[in-house]
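In: sequence and predicted structure are below.
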Amino acid sequence: MTKEISIVWFRQDLRISDNPALVEASNLGKILPLYLLDGPAPAPFKIGEASKIWLHHSLNSLNESLNGKLNVYAGKTSEIIERLIDKYGVSKIFGNACYEPWHINQESKVQEICQRKSIDYKLFNSSYLWAPNQILKSDRTYYKVFTAYKKKSYQSTPRKTIKNATEINAIVNSENKTSFSNLDLIAPNKKWPQKIMNKTIIIFGHGYVSKFLIQKLNALGWIIYCTSRKTDIGRPVKNENVTIINFLDPALPSLIKSSNVLLSTVPPNNEMIDPVLNEYADIISKNIFEWIGYLSSTSVYGDHNGAWVNEETKCAPSNEQSRIRLLAEQQWLKLYSINKLPIHILRLSGIYGPHRNCLEQIKNGKDFTIIKKDQFFSRIHVEDICIATIASIKSPTAGEIYNISDDEPAPINIVQQFGASILNANSLNEIPFEISDLSDQAKFFFNDNKKVSSQKIKGKLSVKWTYPNYIVGLTKGCLPDLNNS
């Protein structure tokens, strides 16, 4: 099969399901998903303010379905398509037919370009049981009487829905500066309710995982608020990706009420178990949300002597910190059992990623590793935490607990020696755990021995890890950033 680039031209078919143009193009190889806003339709078909809001959210939803790879442009359709053809060497253009006069005019101009450049151009019927030119009288004119039209239609098989594309390999034009906000679909002077205007998420805690997740959600068009105790009360800090607001800011309760999604990344503590629920449980319990998530830890399982654990395994925390973590989980789950809120617990294995990995440590002088016989650790790359979180947000399963862990638990010395090898560094000195001079906190790390399974979320939400093991995670998910730093 030839892996070529095809343009999929979206217009009134802003979906990936039952989309013949998308399926046909995806079967051939790489696609460039494209939406063009080419001026207003003529009166009386000019799009109104409410329809613009609908279009804005439909485009955002389509972009989410395409994992943030919808290319949007504003301008003259024929000129933009011709530029993309030349830039990417496009060999085919697929679209679903529209039948309004101004759309037909657009199609004819694109068809002229394709003929001139010897490019295949194909339109499909994706919206009608029968295309308008399919049911005609014997003289090839349109019916004007419905009864006669209905009788004739019975002689033809109507369009059937089709299966979704099995794989969508979409690309993004990184040089394109047009974003959804540039389309000006939402008038700033219109006081539409925020929950209608945009999907809004509040992330409690501005830590390592949050910073990566913010980038992913921003690319999907979300409005993002993130709490931090480092920001002054009453003085939120806003940039193009997120608004950082103090955890105790008096404006935060109203933001919670108007948000669609909540995610807590805040760890528990001895004084109040869960700081977020201690402060905001009453507000959260009395409102409606599409999804609420709590990032927990697989440490709640405790020690299982190297055996596999899954979400059905009994939790037996082996230290006070993990015991409190389990209590925090239970507090969140009460909001599901009592208040019927869509709570989701995501139990994370050891987190690594750019600027937080053994490559950084070795580069900065680490020259030893610890050996403990038959000891296994599970881990997860931060990018895959984002994938799992977004997949759960898209497909809520209230009350569920998911493990987030890669597919290959491994001893820490094996991982770190591999890190040294890809840095072309000397092998690390291997120190037996029993005679090591580790701090008490570091020794806690070795108390639990287990292999964490994430088959549940992979099966239930069809999640696929970008970095399924430490070899791929370090070589492709960490080393490039190290070399660029």
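Out: Right, received. Where do you want to start? Residues are numbered from 1 along each chain as shown.

In: so what are the domain limits for the protein?
Out: 6-181, 193-289, 300-326+343-485 (automatic domain parsing).

In: now the first one: average pLDDT?
Out: By that I understand domain 6-181. Domain 6-181 shows a mean pLDDT of 87.

In: just give me the neighbour total for the nearest residue to residue 319 once chain neighbours are set aside.
Out: The shortest distance from residue 319 to any residue other than its chain neighbours is 5.7 Å, reached at residue 444 (CB to CB, 6 or more residues apart in numbering). Every residue, glycine included, has its C-beta placed from N, CA and C. Other residues within reach of residue 444 by the criterion other CB atoms under 10 Å amount to 16.

In: doesn't residue 402 fall inside a strand?
Out: Yes - counting by DSSP: H, G, I helix; E, B strand; the rest coil, residue 402 falls inside a strand.

In: ok, it touching residue 348?
Out: No - when contacts are counted by CB atoms under 8 Å, residue 402 is not listed as touching residue 348 (9.8 Å).

In: mind listing the helices for the stretch 101-250 of the chain?
Out: Applying DSSP state H, counting those that start in this stretch to the stretch 101-250 of the chain gives helices spanning 101-117, 146-153, 194-197, 208-219.

In: so which of those is the most surrounded?
Out: Compared across those, helix 208-219 shows the largest average neighbour count, a mean of 19 (mean count of other CB atoms under 10 Å).

In: who's in contact with stretch 273-287?
Out: 204, 247-248, 252-253, 256-257, 262, 264, 266, 268-269, 272, 292, 324, 327-328, 331-332, 335, 338-339, 341 (CB atoms under 8 Å, 6 or more residues apart in numbering).

In: restricting to C-alpha, output that stretch in PDB.
Out: The C-alpha coordinates for stretch 273-287 follow below in PDB (Å, rounded to 0.1, in the frame of the first residue of the first chain):
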ATOM      1  CA  ILE A 273      -6.100  14.100  54.300                       C
ATOM      2  CA  ASP A 274      -7.100  15.800  51.100                       C
ATOM      3  CA  PRO A 275      -6.500  19.600  50.900                       C
ATOM      4  CA  VAL A 276      -8.900  20.100  47.900                       C
ATOM      5  CA  LEU A 277     -11.900  18.400  49.500                       C
ATOM      6  CA  ASN A 278     -11.100  20.000  52.900                       C
ATOM      7  CA  GLU A 279     -11.500  23.400  51.300                       C
ATOM      8  CA  TYR A 280     -14.100  22.800  48.400                       C
ATOM      9  CA  ALA A 281     -16.000  19.600  49.100                       C
ATOM     10  CA  ASP A 282     -19.200  21.400  49.800                       C
ATOM     11  CA  ILE A 283     -19.100  23.400  46.500                       C
ATOM     12  CA  ILE A 284     -18.100  20.400  44.500                       C
ATOM     13  CA  SER A 285     -20.800  18.200  45.900                       C
ATOM     14  CA  LYS A 286     -23.500  20.600  45.000                       C
ATOM     15  CA  ASN A 287     -22.700  21.200  41.400                       C
END
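
In: how about it: buried residues?
Out: Burial within stretch 273-287, assessed by neighbour count using 16 or more other CB atoms under 10 Å, is assigned to 274, 275, 276, 277, 279, 280, 281, 284.

In: re earlier: state the distance from the residue nearest to residue 319 to residue 419.
Out: 22 Å (CB to CB, to the nearest Å).

In: ok, now residue 24?
Out: From residue 24 to residue 419 the distance is 44 Å (CB to CB).

In: look at the two and report which has more neighbours.
Out: Between residue 24 and residue 419, counted using other CB under 10 Å, the more crowded position is residue 419 (25 against 18).

In: pull the contacting residues for that one.
Out: 357, 358, 359, 362, 474.

In: got it, and residue 143?
Out: 135, 136, 137, 149, 152.

In: reformat the contacts of residue 419 as TSV; add neighbour count, secondary structure and distance to residue 143.
Out: Below are these laid out as TSV (neighbours: other CB atoms under 10 Å; DSSP: H, G, I helix; E, B strand; the rest coil; distance: CB to CB, whole Å):
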residue	neighbour count	secondary structure	distance to residue 143
357	26	coil	68
358	22	helix	72
359	26	helix	70
362	21	helix	76
474	24	helix	66
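
In: need the residues you listed in a markdown table (columns: distance to residue 316).
Out: Output for the contacts of residue 419, formatted as a markdown table (distance: CB to CB, whole Å):
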| residue | distance to residue 316 |
| --- | --- |
| 357 | 29 |
| 358 | 29 |
| 359 | 33 |
| 362 | 34 |
| 474 | 31 |
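
In: and residue 184, how many neighbours?
Out: 12.

In: residue 457: which of the contacts of residue 143 is nearest?
Out: Set against residue 457, the nearest of the contacts of residue 143 by CB to CB is residue 135 (47.5 Å).

In: okay but the closest one is in contact with residue 150, surely?
Out: No - when contacts are counted by CB under 8 Å, residue 135 is not listed as touching residue 150 (9.2 Å).

In: which residues sit in contact with the closest residue to residue 168 other than its chain neighbours?
Out: Computed as CB to CB, 6+ apart, the closest residue to residue 168 that is not its neighbour in sequence is residue 26, at 5.1 Å. With contacts defined as CB under 8 Å, 6+ apart, residue 26 is in contact with 8, 165, 166, 167, 168, 169.

In: can you select the buried ones among those residues for me in PyMOL?
Out: Those of those that count as buried under 16+ other CB under 10 Å are selected in PyMOL with:
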select buried, resi 8+165+168
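
In: distance of the residue nearest to residue 319 from residue 352?
Out: 18 Å.

In: now do residue 478
Out: 7 Å.

In: what does residue 433 give?
Out: Distance, residue 433 to residue 352, by CB to CB: 20 Å.

In: give me the more crowded residue out of those two.
Out: Using other CB under 10 Å as the criterion, residue 433 and residue 352 rank with residue 352 on top: 24 against 15.

In: can I assume the more buried one sits in a helix?
Out: No - looking at residue 352 with three-state DSSP, it is strand, so not inside a helix.

In: make 897 the first number, not 1, from now on.
Out: Okay, using 897 as the starting number, the last item reads as residue 1248.

In: I'd guessed it sits against residue 1277; true?
Out: Yes - using CB under 8 Å, residue 1248 is in contact with residue 1277, at 6.2 Å.

In: which residues are common contacts for the two?
Out: Common neighbours of residue 1248 and residue 1277 (CB under 8 Å, 6+ apart) are residue 1369.

In: surely residue 918 meets residue 1059?
Out: No - contact status for residue 918 versus residue 1059: not in contact, 11.4 Å apart, counting by CB under 8 Å.
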